[in-house]
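Student: with the input below, show me the fold.
(chains A and B)
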Amino acid sequence: MSLLFGDYAGTPTAFDEVMGADGTRPGYGGVLRQLDKLDATEVRARADYLKSTYLDQGVTFDIGGEERPFPLDIVPRVLLAEEWAEVEAGVQQRVRAIEAFLADVYGEGRVFRDQVIPRRVVVSSPHFHRVVHGIVPPNGVRCHVAGIDLIRDEHGRFRVLEDNVRVPSGVSYVMTNRRAMFSALPEVTARHRIRPVEGYPLQLLAALRAAAPSGVKDPTVVVLTPGVYNSAYFEHALLARMMGVELVEGRDLVARNGRASIRTTQGLRPVHVIYRRLDDEFLDPAAFRPDSLLGCAGLMTAVRAGNLTLANAVGNGVADDKLVYTYMNDLIRYYLAEEPVLASVDTWRLEEPSHREEVMDRLDELVLKPVDGSGGKGIVIGPRATAKQLDALRAKVTRDPRGWIAQPVVQLSTVPTMIDGRMAPRHVDLRPFAVNSGDDVYVLPGGLTRVALPEGELIVNSSQGGGSKDTWVLASDGLRRRKRRRASQELQPVPLAALGEEPVPHQQSQQQQQRRIAGGLPC
Amino acid sequence: MLSRIAESLFWIGRYLERAEDTCRIVEVHQQLLIDDPSVDSDEAAATLLAVMGSSVDPTGSADSSETVMAQLCYDIASPCSIAAALGGAREAARRARETISTEVWEAINTSWNAVRAGRLQRMRPATAFQYVRERCAVISGTADQTMSHDEGWHFLALGRSIERADMTARMISTAAVTAGSQSAWHNVLRGCGAHHAFVRTYGGVVSDKQAAEFLLLDRLFPRSVVHTLTIAEDALAQLEPGSRRAGFHDDAQRLLGTARAALEYQRPERILAELPQRMAELQRSCAQASEAITDRYFSAAAAATWQEGS
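Tutor: Down below sits the predicted model:
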């Protein structure tokens, strides 16, 4: 064992993804071996390189208007092919169930009649929008993009922590992380067969084009961003650039007579699909918040008229409401007649009196989460909270039981992470990204691994000081072998041209001689 | 192309050129003080700051050359500094990030990171000037080589040319005011990077008339006013869909064409006789042309506000 990993032991309470009871786990052998060959200072130098390259490229996220480089750790996270197969199947299943659920909620309402989930749970969600009731998207897809947050529990088993089917972000870092790691650690990456991630923008573009209003042969797709001060602006720009589409702000859009257009130097140009990275409430001041400066009035009319597709659809938030999450296993069985592939985390619904009573006595040992929160906001971890915080929490829950759920504290799995030049275990989660084109659900192999940088911290969100790791999904056995390719066409080398010396050697010698005669002594 | 993006590209062009030209102008100023001890340095500093549109008056300050360096070079808070211009270019580039090539973005971003970290301030002035000139050359060269010469690139070129005409006029103004000093025109030529080209064209002896003629009227030297205006007019013509049989439809095209004709078809002696006025006129024409371009191509980007129906 090297200096770097010599005293690395993981944490006793959590599942460590690198060090098992019998030593290094399969999958990480190659990574550790290759990192060992570099000495510790070299690895640290590579880690610094990662940081500076992100600063140069402007791979940043904004916190309160300040741009910061996104921290990327030098140790990758490795998933074996069979581990990934489970994740992939589970994510696909979940996306299909959520699509069916959303179609039902904003359509027939079968699920309520069959008493799988109470109607009040859905309609009381702040993200339920009656406005979109009855709108059937062109190819039936509402979750064009989904990000399903997964964690690994104490036994290493994947569990779903939450679903994100509104505007999941982070996929850009999956792509930039991979590029940065390939240039920082070529010795390590070259020895592994890692499934590529660059295909994501093409999959996304194909899914967006497939979602175009009917009758539009060559749809114009745009990405709608709230603007440069949004924390994910970098991602919006990257996706637009890689898909080769325009990145627009609300003020670039015009929606009149049930059609949407963008303002160009040559006048208005029609738009058919908007991949919007804006919350529902800000999209259309005529339909939602009238004070929104980010959206464009009339978009919802265009959607209802069938001339515009919004991706993701409006109203998706009911499916990733954390209270609805507690029904997700039932919903999967109900719609798909399948058993859930991925387990959930046990959850108490605080609006049920019996659950609430149980939880209120044990607030100090549970995690409480607001149902519509994202980015780790508002989460209270019982064992870490002060008595005062717990009292405040108790009052909040009593006031608004629909607004909270409770879960046991799950020790997220750990992966070695470079902290101050040394390896230390840090907790991680995983957000795989799924793109639904209507025909199939593509899951990007890998996804975003977020790592909580402070010691013992369980909240991994970047807005709470989290970093990330490049996530490698190994293809079959993961080792790369050299293949000799047979050239199908013969190469015909042509020599390079050059200006060359004075053509006649004799001339050169005369030039030298002349100098000697004229100048006398060479100076 | 989106109006908002076109506007960003236009301003990337303007800000980068502004950074480079400001750097050249300050360099000329410093060289002048070194070459000619008879020049009153406080007065020269005041003239320079006024020409560059700064409201700061250096006469009261202890060290006027330090004031010039801060105001025009590294003080990010000063609107006419190189640092502010690079910051403006970077902010515009961030807004057009999906349109400009990655290489251009990185070139602009790394330059800005260095300036923001205070590198200009820590370098010796000569090194700092060289650094800025080289970074600007890298950025514009990268843009020329890695971006399609399409509509967006024409906006970039347009912004660059209008700014260059404007700044060259400012540089000539400073020379005209401090004229009488033997080396003034010499330095302006050097500042424009034109000394070598001038000597190859006119021979080594610099007369005021010839130097002004070269910087204003030469058709082949890329930083001369006439050449720059021609580039701007070409870019506008490329942006205009279809050709017209008579006259020009576009206000900016008319303004720039008029400005160019006023220089090209005037007797050089007369221009030289009233140089400061002529240069001020030229600067005003550039400002008006910029406004006309904004009205025509970018104003659609202005936000339409939604008012709740009553």
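
Student: my read: residue A:442 touches residue A:434, true?
Tutor: Yes - at 6.8 Å, residue A:442 counts as touching residue A:434 under the criterion of C-beta atoms under 8 Å. Placement of C-beta: from N, CA and C, glycine included.

Student: please say which of those two ends up with more neighbours.
Tutor: residue A:434 (26 against 21; other C-beta atoms under 10 Å in any protein chain shown).

Student: quick one: name the residues of the stretch 51-200 of chain A near chain B.
Tutor: A:55-58 (C-beta under 8 Å from any C-beta of the partner chain).

Student: inside helices: which ones of the residues you listed?
Tutor: Cross-referencing those against helices under DSSP state H gives A:55-57.

Student: any chance of those in CSV, with neighbour count and pLDDT too?
Tutor: CSV is the format used below for these (neighbours: other C-beta atoms under 10 Å in any protein chain shown; pLDDT from 0 to 100):
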residue, neighbour count, pLDDT
A:55, 16, 85
A:56, 15, 84
A:57, 18, 85
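
Student: which one of those residues is nearest chain B?
Tutor: residue A:56 (5.0 Å; C-beta to the nearest C-beta).

Student: give me the neighbour count for the nearest residue to the closest one once chain neighbours are set aside.
Tutor: Among residues not flanking residue A:56 along the chain, residue B:110 sits closest, at 5.0 Å (C-beta to C-beta, 6 or more residues apart in numbering or on different chains). The tally of other residues near residue B:110 (other C-beta under 10 Å) stands at 19.

Student: work out for me the element residue B:110 sits within.
Tutor: Secondary structure assignment for residue B:110, by DSSP states H and E: helix B:102-116.

Student: so, in contact with chain A or not, the next helix or strand along the chain from that helix?
Tutor: For helix B:102-116, the succeeding helix or strand toward the C-terminus, using DSSP H and E, is helix B:119-122. No - applying C-beta under 8 Å from any C-beta, one finds helix B:119-122 separated from chain A by no less than 13.9 Å.

Student: what mean pLDDT does helix B:119-122 get?
Tutor: Per-region confidence: helix B:119-122 scores 89 on mean pLDDT.

Student: how distant is it from the center of its chain?
Tutor: 22 Å (C-alpha atoms, centre = their mean, to the nearest Å).

Student: which secondary structure elements does that helix sit against?
Tutor: Contact here means 3 or more C-beta pairs under 8 Å, 6 or more residues apart in numbering or on different chains; DSSP states H and E; on that basis helix B:119-122 packs against helix B:125-146.

Student: pull out the buried positions in stretch A:209-227.
Tutor: Of the residues in stretch A:209-227, A:209-213, A:219-226 count as buried by neighbour count, 16 or more other C-beta atoms under 10 Å in any protein chain shown.

Student: again with stretch B:191-209
Tutor: Result for stretch B:191-209 [16+ other C-beta under 10 Å]: buried residues B:191-192, B:194-195, B:197-198, B:206.

Student: check which element follows the helix-or-strand element of chain B with minimal mean pLDDT along the chain.
Tutor: None of the helices or strands of chain B scores lower by mean pLDDT, DSSP states H and E than helix B:184-191, at a mean of 82. Proceeding N to C from helix B:184-191, the next assigned helix or strand is helix B:195-202, under DSSP H and E.

Student: got the contact list for that next one?
Tutor: Defining contact as C-beta atoms under 8 Å, 6 or more residues apart in numbering or on different chains, one finds that helix B:195-202 is touched by B:186, B:189, B:206, B:210-211, B:214, B:218, B:221.

Student: and for stretch B:78-89?
Tutor: B:11-12, B:15-16, B:18-19, B:22-23, B:52-54, B:56, B:70-77, B:108, B:111-112, B:115-116, B:120, B:132.

Student: my guess is residue A:4 contacts residue A:35, does it?
Tutor: Yes - taking C-beta under 8 Å as the definition, residue A:4 is a contact partner of residue A:35 at 6.5 Å.

Student: overlap in contacts of those two?
Tutor: With C-beta under 8 Å, 6+ apart, residue A:4 and residue A:35 have common neighbours residue A:43.

Student: out of those two, which sits in the more crowded spot?
Tutor: residue A:35 (25 against 22).

Student: from the contact counts, what lies against the least confident helix or strand of chain B?
Tutor: Using 3+ C-beta pairs under 8 Å, 6+ apart, helix B:184-191 sits against helix B:3-35, helix B:151-177, helix B:195-202, helix B:208-217.

Student: the shortest one: how far from the chain's middle?
Tutor: Translated: helix B:195-202. Using C-alpha atoms, centre = their mean, the offset of helix B:195-202 from its chain centre is 22 Å.

Student: restricting to C-alpha, output stretch A:308-317 in CSV.
Tutor: Output of stretch A:308-317 as CSV, limited to C-alpha atoms (Å, rounded to 0.1, in the frame of the first residue of the first chain):
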residue,chain,number,x,y,z
LEU,A,308,-45.1,24.4,-28.2
THR,A,309,-43.6,21.7,-26.0
LEU,A,310,-42.1,22.5,-22.7
ALA,A,311,-39.5,20.0,-21.4
ASN,A,312,-40.0,19.1,-18.6
ALA,A,313,-43.7,19.6,-18.6
VAL,A,314,-45.3,21.9,-16.1
GLY,A,315,-46.7,20.3,-13.0
ASN,A,316,-44.2,17.5,-12.8
GLY,A,317,-43.4,18.6,-9.2
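
Student: average pLDDT for that stretch?
Tutor: 94.

Student: same check, this time on stretch B:165-181
Tutor: Stretch B:165-181 comes out at a mean pLDDT of 78.

Student: ok, residue 160 - contacts?
Tutor: Since you didn't name a chain, this refers to chain A. Residue A:160 touches A:90, A:94, A:148-150, A:325, A:328, A:342-345, counting by C-beta under 8 Å, 6+ apart.

Student: oops, I was thinking of chain B
Tutor: Counting by C-beta under 8 Å, 6+ apart, residue B:160 has contacts B:13-14, B:16-17, B:140.

Student: same thing but 6 Å
Tutor: B:13, B:17 (C-beta atoms under 6 Å, 6 or more residues apart in numbering or on different chains).

Student: for it, give its distance to chain A.
Tutor: If you measure residue B:160 against chain A using C-beta to the nearest C-beta, to the nearest Å, the figure is 18 Å.

Student: filter the contacts of residue A:160 down to the buried ones, PyMOL style.
Tutor: Filtering those down to the buried ones (16+ other C-beta under 10 Å) takes a single PyMOL command:
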select buried, chain A and resi 90+94+148+149+150+325+328+342+344+345
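
Student: which ones among the contacts of residue A:160 are found in helices?
Tutor: Per DSSP H, the subset of the contacts of residue A:160 in helices is A:90, A:94, A:325, A:328.

Student: show me where the stretch 101-250 of chain B dips below the pLDDT cut-off.
Tutor: B:178-183 (pLDDT under 70).
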